[in-house]
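> Need coordinates for the following:
(one chain, ligands or ions: 1)
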Amino acid sequence: MHVITSAPGKVTLFGEHAVVYGEPALVTSIDKRVYVRLRLRDDKAIKISAQDLHIPGLIVTLREEEVILETDYGKVIPAISYIKKAIELTADYVGKFRGVDIEVTSDMPVGAGLGTSAAVAIATIYAYLQALKEELSKEEIARLGWRVEKEVQGMASPMDTSIATFGGFLYIKYRGSEVTLRRLKINTQLPLVIGYVEREFKTADMVKKVKVLYDKYPGIVKDIFSTIGRITEEALRALEVSDVIRLGELMNINQGLLDAIGVSNSKLSTLVYVARAAGALGAKLTGAGGGGCVIALAPGRSREVAVAMRLAGARTIDTSIGGEGVRVEKVINA
Ligand code: MEV
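Got it, this is the predicted structure:
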């Protein structure tokens with residue numbers, strides 16, 4: 001039996017990094033997905049084939065015992081660590097272990113800051129549960145996915161794994177193991193343009209970099225995070241009354257604070273400025289930063305903003321928002 005599952009990518013609208021320190025974030029899924037095809041094996045091996053990950057250009061570095069595969073979109077190997085950890089933790093949780101053949105494909109660039117690692121982890125957990133005929137609640141699946149991220153990355157909030165599980169639009173906040181999650185019904189049209197530039201650092205590196213700054217200047221960085229938290233709360237109110245002008249302004253303030261904690265870079269800042277000059281109401285990086293994606297809110301100006309970003313060297317990703325959470329795509333009884 002083969003099971004095919006999928007989970008969506010995401011963009012963080014407000015609150016990345018601050019969410020790791022207990023502040024709220026607003027996040028939405030996108031209509032681009034990661035697909036996992038899984039089959040149980042008779043032995044205990046885990047065989048992973050990662051094809052069609054949208055990875056133009058491959059660089060192989062052989063350094064002593066280490067093999068590093070890099071692509072135009074970042075590193076491929078981390079996606080594989082998430083799959084392996086997802087299988088191990090799920091097997092442990094349900095108390096059953098069977099080897100698997102897994103094939104993973106993606107219709108968005110992997111490692112670009114669109115939550116693909118979380119989507120890979122959640123789609124893998126879901127496929128494995130289906131194959132083992134085990135049922136867990138969505139909350140349990142999201143928690144298992146969060147453990148996968150924490151074990152692979154070191155520090156992680158439950159944001160990416162929650163949105164990959166539930167999809168839609170989420171307000172999320174956590175302290176320790178207590179997660180507050182509100183699934184939001186949003187009627188505001190949010191025409192977002194996503195621009196992508198090469199990523200210099202992984203999410204884990206960026207989260208560590210912020211931690212170093214936090215430990216050095218706790219009073220200052222804590223205040224920046226609590227201001228980001230207030231921006232997120234204000235953005236929620238603006239969303240509820242469909243005030244896109246205010247949302248754009250809040251995105252711009254959030255971007256300034258992300259720059260202050262050192263997660264923007266010159267390429268991302270350039271995209272932010274060209275997007276605003278081309279008519280976006282607001283623009284900010286989304287995700288961990290250090291390269292990756294910028295989102296621009298551009299009602300009536302999406303085409304102009306996308307062209308401006310491409311002229312500045314970005315790839316643009318064409319997608320709508322609010323995609324469904326993890327789901328079974330197909331079960332093939334063969
Ligand atoms: C990464 O998509 C978002 C960060 O806030 C890290 C996290 O929430 O785990 C930077």
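
> residues from the protein in reach of the ligand?
For the chain, the residues in contact with the ligand (C-beta under 6 Å from any ligand atom) are 16-17, 19-20, 115, 156-157, 159-160, 203, 207, 287-288. Where C-beta positions appear, they are placed from N, C-alpha and C, glycine not excepted.

> As CSV, those with pLDDT would be great.
Converted to CSV, the residues of the chain next to the ligand look like this (pLDDT from 0 to 100):
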residue, pLDDT
E16, 98
H17, 98
V19, 98
V20, 97
G115, 93
A156, 92
S157, 96
M159, 98
D160, 97
T203, 87
V207, 94
G287, 96
A288, 95
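
> so, if you compare the residues you listed, which one comes nearest to L257?
Among the residues of the chain next to the ligand, H17 lies closest to L257 (C-beta to C-beta), at 9.1 Å.

> What count of nearby residues applies to the residue in the stretch 101-250 of the chain positioned nearest to the ligand?
Residue of the stretch 101-250 of the chain nearest the ligand, by C-beta to the nearest ligand atom: S157 (3.4 Å). Using other C-beta atoms under 10 Å as the criterion, S157 is surrounded by 27 other residues.

> Tabulate the residues of the chain next to the ligand (a markdown table), appending distance to D43 and secondary structure.
Conversion of the residues of the chain next to the ligand to a markdown table gives the following (distance: C-beta to C-beta, whole Å; DSSP: H, G, I helix; E, B strand; the rest coil):
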| residue | distance to D43 | secondary structure |
| --- | --- | --- |
| E16 | 41 | coil |
| H17 | 42 | coil |
| V19 | 40 | helix |
| V20 | 39 | helix |
| G115 | 32 | coil |
| A156 | 32 | coil |
| S157 | 36 | coil |
| M159 | 36 | helix |
| D160 | 32 | helix |
| T203 | 33 | helix |
| V207 | 36 | helix |
| G287 | 38 | coil |
| A288 | 37 | coil |
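
> can you give me the strands in the chain?
Using DSSP state E, the strands of the chain run over 2-14, 25-40, 46-50, 58-63, 66-71, 74-75, 100-106, 169-175, 178-183, 192-197, 282-286, 292-297, 315-317, 327-332.

> Pick out the shakiest of the ones you listed, pLDDT-wise.
Least confident of the strands of the chain, judged by mean pLDDT, is strand 74-75 with a mean of 50.

> how is the protein carved up into domains?
Per the record's domain assignment (automatic domain parsing), the chain is made up of the domains 2-186+322-332, 192-319.

> Give me the longest helix you can find in the protein.
For the chain, the helix with the greatest residue count under DSSP state H is helix 218-240.

> Can you name every helix or strand that it contacts?
If contacts are counted by 3 or more C-beta pairs under 8 Å, 6 or more residues apart in numbering; DSSP states H and E, helix 218-240 sits against strand 2-14, strand 25-40, helix 203-216, helix 244-260.
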